[in-house]
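Q: Whatever this is, show me its structure:
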Amino acid sequence: MIDVLWQVIAPIFLAAGAGYVLARRLGVTARQLSRVAFYLFSPCLIFDRLSHTSLSAADLGQLALFATLAIAGSTLMAWIVARLLRYGRTETLAFVLVVMAGNAGNYGLAANQFAFGPEALEPALVYFAISSLAISSVGVYLVASGRRTAMEAARNVLGVPLFYASLAGLAVWALHLSLPAPIERSISLLGQAAVPVMLVVLGMQLAGVHLRNDLGRISLAALTKLVGGALIGLALANALGLAGVNRQSAILQSAMPTAVMATVLAGEYDVEQEFTAGVVLVSTLASIVTITAVLTFLV
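A: Okay, the predicted model is just below:
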């Protein structure tokens, strides 16, 4: 466990810590860098990996199904917990959001790469792509609380660049197409910047999060996300027959803490902003223990 903590978790938090220091000491903001990562680096990484993937069509379908079921299962689990505790409407929506929105990008991609090697990036990216689509559609629809229609939520998905990068990458792979060398190499080069930039952005974003009130509900949400997500991932991996690095990567992605994107959505629609930010901070810090335990089990 100490070896996992030192070789996998420590590099992630050191890189994020650099972003935290930049935000705190120099006042550097995450917004613009985050947009560059979301609209340029991440799509390039997904396109590059999927267009050259060694995964079979069956593996891709299996991983996409896993991600869809894992996110749906976490969403349902959070709703059940919130209803059992008789939370109000906005409290329930916020609770569901923070459990559904896992940090499969900033944190998950780096953790997979450090723990299982470059080959783990491909299955991790499948989960990341599905998660991004879920947050940008279902997540928006939840926090909008009826202010957006299903059609508007669908349009939101069509505005996510990862959607097009995934489709384009799969098309190039399936049709055995070759891109001109300058284009292919520039996409690959930009994609290599995605993971380190996202880790720095994570640290910058956490620098703006402050833990204030409602620690009990925040801790419960963090526990539900970290432990519940990992258990759902393990059960689904067994049920779907995932094996090898695909199994390791899928389970690890399902165990990730809450993504900072949840606070962005909560702020945009004024839904439990302090609670959401608190869950991001607590779940990220607590993941030092939980992700180390999950990695120890998987390795």
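Q: mind checking how far the helix or strand containing residue 72 is from the chain centre?
A: Element membership for residue 72 (DSSP states H and E) is helix 57-84. In terms of Cα atoms, centre = their mean, to the nearest Å, the centre of helix 57-84 is found 13 Å from the chain centre.
Q: Okay, buried residues for that helix please.
A: 59-60, 62-63, 66-71, 73-75, 77-79, 81-82 (16 or more other Cβ atoms under 10 Å). Any C-beta I mention is one placed from the backbone N, CA and C, and that applies to glycine too.
Q: same check, this time on stretch 197-217
A: Within stretch 197-217, the residues scored as buried using 16+ other Cβ under 10 Å are 197-207, 209, 214, 217.
Q: so what's the most centrally placed residue in the chain scoring on pLDDT?
A: Nearest to the geometric centre of the chain sits residue 104, at 2.2 Å (Cα atoms, centre = their mean). Residue 104 carries a pLDDT value of 93.
Q: so it sits right up against residue 128, yeah?
A: Yes - using Cβ atoms under 8 Å, residue 104 is in contact with residue 128, at 4.4 Å.
Q: Return every residue with contacts to both of these two.
A: Shared contacts of residue 104 and residue 128 (Cβ atoms under 8 Å, 6 or more residues apart in numbering): residue 253.
Q: Residue 139 contacts residue 96, doesn't it?
A: No - at 9.1 Å, residue 139 and residue 96 do not qualify as touching, with contact defined as Cβ under 8 Å.
Q: Quick one: mean pLDDT over stretch 226-233.
A: For stretch 226-233, the per-residue pLDDT averages 97.
Q: cool, stretch 17-34 as well?
A: 88.
Q: Name the residues that touch that stretch?
A: So stretch 17-34 is contacted by 197, 199-208 (Cβ under 8 Å, 6+ apart).
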